[in-house]
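Have a look at this prediction, sequence included:
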Amino acid sequence: MIEKLKQIIQEEVLKLPKENQDVINAFDWVKITEEIGKKFLLSESEINNLQVETLLILIGLEDPDLYALNIENEVGTSKDEAKKITEEVRQKIFTPINDTLIENIKKSGKTKNSNPEQTLNFILSGGDYSSFMTLIPDASSQDIGKEKTNIPARSAFSTADAGGPIKPGKMDDIKSKFTI
């Protein structure tokens with residue numbers, strides 16, 4: 001792997017929440033992608049492209065459902081080979097990292113107050129936190145007529161600058177950063 005790609009990977013991982021950074025950095029996914037690339041007889045530049053596509057999934061900039069298609073297009077493999085690579089990457093990288101993240105969240109107790117109804121309501125709201133804001137009258141005599149807003153805690157996977165889905169133009173700008 002070339003130094004520029006290593007630097008880009010480090011920069012992008014640093015933008016993630018601390019919990020995600022720790023898991024991704026503790027897991028040697030770069031070496032695993034190299035091994036998978038060699039197994040499928042990919043060239044050095046094709047392996048680099050595989051690593052970029054894997055990184056885009058890990059940092060949440062690409063839809064995991066498009067991973068096989070991206071491997072086919074960006075790495076330059078056949079459809080069947082892209083599916084095989086995708087399956088191996090899922091087994092050896094994505095699933096273990098996801099399982100570790102879930103385990104860490106459960107250990108930290110960040111899911112103590114969540115319940116299935118909250119999750120369903122959030123999904124049905126289209127991810128709009130404002131639908132969970134409730135007005136609670138203040139019981140103190142000094143604040144009669146004033147109301148407080150109760151805003152739910154943020155998810156462990158959210159980021160400070162999460163502004164909704166990434167627009168296609170912005171995605172192209174981000175992907176161009178990875179062109180080596």
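Looks like it arrived, so ask away. Being a predicted model, the structure only gives us computed values, none of them experimental.

Which neighbouring elements make contact with the helix or strand hosting E35?
Using DSSP states H and E, E35 maps to helix 29-39. Under the contact criterion of 3 or more Cβ pairs under 8 Å, 6 or more residues apart in numbering; DSSP states H and E, helix 29-39 touches helix 44-58, helix 79-89. No exception for glycine: its C-beta is placed from N, CA and C like everyone else's.

Tell me which of those sits most buried.
helix 44-58 (a mean of 21; mean count of other Cβ atoms under 10 Å).

Check which helices and strands that helix sits against.
helix 3-14, helix 29-39, helix 67-70, helix 79-89.

on that earlier part again, can I get the helices and strands packed on helix 29-39 in CSV with mean pLDDT and distance to I102?
Shown next, in CSV, are the helices and strands packed on helix 29-39 (pLDDT from 0 to 100; distance: least, Cβ to Cβ, whole Å):
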stretch, mean pLDDT, distance to I102
helix 44-58, 91, 15
helix 79-89, 96, 18
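
in the helix holding E35, what's buried?
Neighbour counts over helix 29-39 (16 or more other Cβ atoms under 10 Å) mark 29-30, 32-34, 36-37 as buried.

my guess is L50 contacts T86, does it?
No: here L50 does not reach T86: they are 10.2 Å apart, not a contact under Cβ atoms under 8 Å.

shared neighbours of those two, anything?
Common contact partners of L50 and T86 (Cβ atoms under 8 Å, 6 or more residues apart in numbering): I71.

thinking again about what came up before, now the helices and strands packed on helix 29-39 in TSV, with distance to I8?
Below are these laid out as TSV (distance: least, Cβ to Cβ, whole Å):
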stretch	distance to I8
helix 44-58	8
helix 79-89	19
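
so which of those gets nearest V13?
helix 44-58 (7.7 Å; Cβ to Cβ).

Now do that closest one: everything it contacts.
Helix 44-58 is contacted from outside by 1-2, 5, 8-9, 12-13, 24, 29-30, 33-34, 36-38, 42, 62, 64, 67, 70-71, 74-77, 85, 89, 93-94, 97, 175, 178, 180, using Cβ under 8 Å, 6+ apart.
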